[in-house]
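build me a model from this:
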Amino acid sequence: MFNKFLAIVFVCLSIIACKQEKTKQYSHYEYQMEAAAIMRQPKFYGDSIVSNLLGVNFQVLKVDYPNNAFYFSCSRKDFNTIAQKAFLHKDSIDFGDESGDYIWYGNLYILKEDKYLCRTSISNLNIDTAKLITSKFSNNIIYKINLAQIVTSIDMENQLRGGIFCITEDDNYIVNHSPPVIVKGEPTISKLAQAITKNKITFEDKVQALLDFVSYDIDYNFEEGYGNKEVIKRPCEILLTKNSDCSGKAILFASLLQQIDADWCFLYYPKHITVGVVGNFKTKHPITVNLKGKTYFIAETTDPMSIIGDEKFKSQLKKENIIYYQLPQKSDEIFNYKTKKPLPFVTVKKEV
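This next block holds a predicted model:
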């Protein structure tokens, strides 16, 4: 979370732009552009994102928005099927030039290997904004989302929003984790929370079920967790890839807690973030933190065997190790745990 400001993988401008209150209406071409961008990012949307959106599989090589150009490669034997299903007009697909063992299109090239390198227009993509993409988990839990809902998530229309970076006391930066958290009632996360907590009677059992899902069904991504850049995923991206680091797991858990009206907080530790939840949790030696007159039980999202407030986290997650805390349901401010003073946000000046 700290000292990774210059290499953060996050669509920062979308957070700033999303401060508009009206829901945006998208044209079909805008959906096509978003679909092209999504298919170019399998690390954020899963290795099967192309087939999930278009019903066939191929590799997206480049998307050139100013020139309405979409470059891809595919198996020669599958080309006719791909052209028929994934694109509106087969005759609008151009082929690269073959030279020896390579195929070239402009400065793009691939090894021939029984493949085609093709160029078409973004507006030739045959997308269905209502087609459901599913992600299956244990206990017959299925997450469902369509392209239109993914685009809404990208533009953060159903999220808490807020500032992006705060400046710490030693002039470093900390990433605000609250903007991607999903608000109550967003249909895809709301239905997922209902499925996870089905047959759970008490509030505390529901919270533990949500924690079990995030800690067990979402793998820990070591590349994200120990890389030299801060990767912030949206909940839909976490659920489609089925992995994330402590940042993504905390964001997803908080999004699920929103759906059951839980009172929660973010707790920032050195190189780690976790979640605190208010409730009547029964543990022998509970780990808690008191904030603004409420007691939050620490819920660690990165351990598959995590139990809310369990003492096995006491040495690492004791309150003395907390650096900052945040109550996103009240505001996006991040507070120094010891001084209780808020950190200033980085301001973005618009050029006229």
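
so Y268 touches Y324, yeah?
Yes: applying Cβ atoms under 8 Å, one finds Y268 in contact with Y324, separated by 4.0 Å. No exception for glycine: its C-beta is placed from N, CA and C like everyone else's.

now do the shared contacts for these two.
174, 334 (Cβ atoms under 8 Å, 6 or more residues apart in numbering).

so which of these two has more stuff around it?
Set side by side, Y268 and Y324 show unequal neighbour counts under other Cβ atoms under 10 Å, the larger going to Y268 at 24 against 20.

what separation is there between the more buried one and I322?
With the distance defined as Cβ to Cβ, to the nearest Å, Y268 ends up 7 Å from I322.

what about the strands in the stretch 51-200 of the chain?
59-64, 69-75, 94-95, 97-99, 102-105, 108-111, 115-121, 132-136, 142-146, 165-167, 173-175 (DSSP state E, counting those that start in this stretch).

so what does V214 have for phi and psi?
phi -70, psi -40 (degrees, to the nearest 10).

circling back: nearest to S255, out of the strands of the stretch 51-200 of the chain?
strand 142-146 (11.8 Å; Cβ to Cβ).

helices or strands up against that closest one?
Contacts defined by 3 or more Cβ pairs under 8 Å, 6 or more residues apart in numbering; DSSP states H and E place strand 142-146 against strand 132-136, helix 187-196, helix 235-241.

deepest of those, which one?
Between these, the one whose residues have the most neighbours on average, counting mean count of other Cβ atoms under 10 Å, is helix 235-241 (a mean of 25).

quick one on the thing from earlier: out of the strands of the stretch 51-200 of the chain, the one nearest F253 is which?
strand 142-146 (14.5 Å).

what's next to the closest one, contact-wise?
Contacts for strand 142-146 (Cβ under 8 Å, 6+ apart): 129-137, 153, 188, 191-192, 195, 236, 239-240.

pLDDT below threshold where in the stretch 251-352 of the chain?
The stretch 251-352 of the chain contains residues with pLDDT under 70 at 311-314, 348-352.

hmm, try it at 50
Judged against pLDDT under 50, the low-scoring parts of the stretch 251-352 of the chain cover residues 352.

please apply the same query to the chain.
The chain contains residues with pLDDT under 50 at 3-21, 352.

quick one, longest helix in it?
Scanning the chain for the longest helix, with DSSP state H as the assignment, gives helix 246-259.
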